[in-house]
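*Asks:* next one to model:
(one chain, ligands or ions: 2)
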Amino acid sequence: MSETVDQDSTRLAAAALDCPAERAVLKEAADQETVYQKKGDQELDHQQTVQRKIIHVDMDAFFASVEQRDFPEYRGQPLIVGGNPQHRGVVAACSYEARKFGIHSAMSSAKAYQLCPNAIFVKPRFEAYREASIAIQGIFKEYTALVEPLSLDEAFLDVTGSELCSGSATLIARDIKQKIYQETGLTASAGISYNKFLAKIASDMDKPDGLFVVLPSAANDLLESLAIRKFHGIGKATEAKMQALGINCGRDLKQWSKSRLQKHFGRMGVYYYGIVRGEDERPVHNNRLRKSIGAETTFSDDLIDTHEMLERLHKLAEKVVSIMQAKKMAAKTITLKVKFDNFEQVTRSHSELLGFQNLDTILGRLPQLLEKTDAGERRVRLLGVSVSNLFALNNEAVSPEQIRLI
Ligand code: DCP
Ligand code: MG
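*Replies:* Ligands and ions are numbered 1, 2, ... in the order given. Here you go, the predicted model:
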């Protein structure tokens with residue numbers, strides 16, 4: 001597979017690349033240049049559909065539940081999986097029995113011990129969690145090819161158009177939960193709605209062992225009464241900033257115009273404006289989609305001047321952007337690759353939550369990324385730019401009212 005992306009004399013090779021070693025590199029000019037795309041075995045264009053049914057599945061107290069499953073003596077007990085309270089450990093997960101004491105993930109284990117001295121503290125067994133994770137991801141794939149895992153214990157599924165369970169997303173979710181329990185002995189909570197944001201909120205509404213549907217007609221009331229910290233994507237710092245501005249729940253947030261939100265929160269303000277209105281067009285994209293697009297150059301003479309490096313990076317970024325735009329894709333992460341004259345290689349990345357598709361965003365970041373390397377002090381043999389966390393741009397607006405979820 002090859003793809004020509006510019007008119008200059010340099011031949012470009014593009015290869016299906018899950019393994020960089022398989023990359024076809026055409027050596028022609030003095031500088032060797034490679035433009036590559038990582039992709040899976042199939043394009044999934046059909047996700048640009050007009051009716052969506054999204055399920056978000058999240059395991060309950062995941063690490064702690066695996067421990068309680070494997071060690072019956074932990075069942076019914078406040079159990080904490082994480083670091084040692086005597087040292088500077090933190091809580092990775094805690095059972096629902098431990099949560100009654102106010103314990104939660106990311107709290108220091110010492111604090112958790114203070115809150116509940118009788119709690120059982122255990123070290124994580126990652127192999128057991130990975131095994132359970134592989135099992136649940138396998139189950140998801142029995143229901144749809146469009147599965148987007150977010151972490152070991154959660155995933156989005158797009159079941160739009162599925163004929164399983166008479167096409168009911170809610171019945172599919174119930175079926176998935178049952179299957180997870182049968183095969184792993186663990187409970188999961190599922191949220192069902194017409195977009196990712198609402199499905200994620202929904203899976204949290206009825207935990208543990210929950211099943212919660214947000215119908216288009218109910219979304220408005222739910223979002224208006226939702227506390228601001230429950231909005232996925234609003235972290236602690238933003239929550240504090242919003243509270244200082246008098247925004248405590250969705251209803252408060254909704255009073256703000258798009259431009260005013262943008263003024264205070266930049267591009268995220270536009271995102272907040274949309275989500276509080278139940279608008280979220282992000283597609284569910286599985287890992288069979290293209291993983292990254294990149295271009296790199298090995299120089300005939302090593303570079304030492306950072307201005308020259310930035311010029312070369314500019315050209316590489318143009319190539320990457322032209323492919324991205326041709327594929328109607330956007331990316332969330334930009335990565336700079338620098339190989340020094342002794343072949344030591346470093347990468348530096350930056351991510352934008354909302355993604356980008358334009359050249360300026362990449363060019364704006366490259367100087368900072370380059371500064372984070374020894375370029376300028378050491379001789380550089382190769383430079384590369386790549387974008388990853390790709391997603392398809394979907395401009396088709398969907399009317400939530402058209403969608404049947406149950
Ligand atoms: N995890 C972690 N460190 C954190 C948060 C989570 O190591 N700060 C791990 C342990 C969790 C797992 O990831 O069991 C899943 O995270 P969740 O946020 O989904 O939390 P739980 O599954 O534990 O609980 P919940 O029932 O609220 O989903
Ligand atoms: Mg979980």
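*Asks:* quick check: residues of the stretch 1-150 of the chain near ligand 1?
*Replies:* Residues of the stretch 1-150 of the chain lying near ligand 1 by Cβ under 6 Å from any ligand atom: 58, 59, 60, 61, 62, 63, 92, 93, 105, 106. Bear in mind the C-beta positions are built from the backbone N, C-alpha and C, glycine included.
*Asks:* can you tell me the closest non-neighbouring residue to the fourth one?
*Replies:* When the adjacent residues along the chain are set aside, residue 61 lies closest to residue 95, with 5.4 Å between them (Cβ to Cβ, 6 or more residues apart in numbering).
*Asks:* residues contacting the residue nearest the centre of the chain?
*Replies:* Compute the mean C-alpha point of the chain, and by Cα atoms, centre = their mean the closest residue is residue 150, 5.6 Å away. By Cβ atoms under 8 Å, 6 or more residues apart in numbering, the contact list for residue 150 reads residue 156.
*Asks:* next helix or strand past the host helix or strand of it?
*Replies:* Using DSSP states H and E, residue 150 maps to strand 147-151. Using DSSP H and E, the helix or strand that follows strand 147-151 towards the C-terminus is strand 154-158.
*Asks:* show me what from the stretch 151-300 of the chain comes close to ligand 1.
*Replies:* Counting by Cβ under 6 Å from any ligand atom, the stretch 151-300 of the chain sits next to ligand 1 at 153, 154, 207, 208.
*Asks:* now rank these by neighbours and give me the top one.
*Replies:* residue 153 (23 neighbours; other Cβ atoms under 10 Å).
*Asks:* give me phi/psi at that residue?
*Replies:* For residue 153, the backbone dihedrals (degrees, to the nearest 10) come out as phi -120, psi 10.
*Asks:* let me see the contact set for the closest residue to ligand 1 within the stretch 151-300 of the chain.
*Replies:* Closest contact between the stretch 151-300 of the chain and ligand 1, by Cβ to the nearest ligand atom, is at residue 153 (4.3 Å). Going by Cβ under 8 Å, 6+ apart, residue 153 touches 58, 59, 62, 129, 133, 136.
*Asks:* quick one: which of those residues sit in strands?
*Replies:* Mapping those onto strands (DSSP state E) picks out 58, 59.
*Asks:* just want the residue of the stretch 151-300 of the chain that's nearest ligand 2.
*Replies:* Closest to ligand 2 within the stretch 151-300 of the chain is residue 153: 4.5 Å, counting by Cβ to the ion.
*Asks:* could you pick out which of the contacts of residue 153 are near ligand 2?
*Replies:* Among the contacts of residue 153, proximity to ligand 2 is found for 58, 59, 62 (Cβ under 5 Å from the ion).
*Asks:* so the residue lying closest to residue 205 once chain neighbours are set aside is in which element?
*Replies:* Among residues not flanking residue 205 along the chain, residue 212 sits closest, at 4.2 Å (Cβ to Cβ, 6+ apart). Counting by DSSP H and E, the element that carries residue 212 is strand 211-213.
*Asks:* then residue 361?
*Replies:* Under the criterion of DSSP H and E, residue 361 resides in helix 359-371.
*Asks:* quick one: that helix to chain centroid distance?
*Replies:* From the chain centre to the centre of helix 359-371 is a distance of 22 Å (Cα atoms, centre = their mean, to the nearest Å).
*Asks:* isn't residue 313 up against residue 364?
*Replies:* No: with contact defined as Cβ atoms under 8 Å, residue 313 and residue 364 do not form a contacting pair (12.0 Å).
*Asks:* compare neighbour counts for the two and give me the winner.
*Replies:* residue 313 (24 against 13).
*Asks:* which element is the more buried one on?
*Replies:* Short version, using DSSP H and E: residue 313 is in helix 306-326.
*Asks:* pull the residues that contact that helix.
*Replies:* 3, 5-6, 12, 35, 37, 293-297, 299, 303, 330-331, 336, 357-359, 362-363, 366-367, 370, 375-376, 380, 383-387, 390.
*Asks:* what ranges does the protein have for its strands?
*Replies:* Here the chain has its strands, by DSSP E, at 32-38, 54-59, 79-82, 91-94, 120-122, 147-151, 154-158, 188-193, 211-213, 292-303, 329-340, 345-356, 380-388, 391-392.
*Asks:* would you mark the buried spots in the third one?
*Replies:* Put plainly, it is strand 79-82. 79, 80, 81, 82 (16 or more other Cβ atoms under 10 Å).
*Asks:* any idea which of those residues is closest to ligand 2?
*Replies:* For those, the closest approach to ligand 2 (Cβ to the ion) belongs to residue 81, at 12.3 Å.
*Asks:* that closest one pairs with what?
*Replies:* Applying DSSP bridges to residue 81 gives these bridge partners: residue 93, residue 122.
*Asks:* where does the stretch 301-406 of the chain have low pLDDT?
*Replies:* Regions of the stretch 301-406 of the chain meeting the criterion pLDDT under 70 cover residues 394-406.
*Asks:* what do you get if the cut-off is 50, keeping everything else the same?
*Replies:* Applying pLDDT under 50 to the stretch 301-406 of the chain flags the ranges 395-406.
*Asks:* now it against ligand 2: closest residue?
*Replies:* For the stretch 301-406 of the chain, Cβ to the ion, closest residue to ligand 2: residue 353, 21.0 Å.
*Asks:* hmm, that residue is touching residue 266, no?
*Replies:* No: Residue 353 is beyond contact range of residue 266, at 10.6 Å (criterion: Cβ under 8 Å).
*Asks:* and the residue of the stretch 301-406 of the chain closest to ligand 2, how far from residue 235?
*Replies:* Distance of residue 353 to residue 235, computed by Cβ to Cβ, to the nearest Å: 10 Å.
*Asks:* tally of neighbours for the nearest residue to residue 365 once chain neighbours are set aside?
*Replies:* Among residues not flanking residue 365 along the chain, residue 350 sits closest, at 5.0 Å (Cβ to Cβ, 6+ apart). Using other Cβ under 10 Å, residue 350 has 17 other residues around it.
*Asks:* got it, and residue 305?
*Replies:* 11.
*Asks:* for it, which residues are in contact?
*Replies:* So residue 305 contacts residue 376 (Cβ under 8 Å, 6+ apart).
*Asks:* same question for stretch 137-144, mean pLDDT?
*Replies:* Mean per-residue pLDDT for stretch 137-144: 95.
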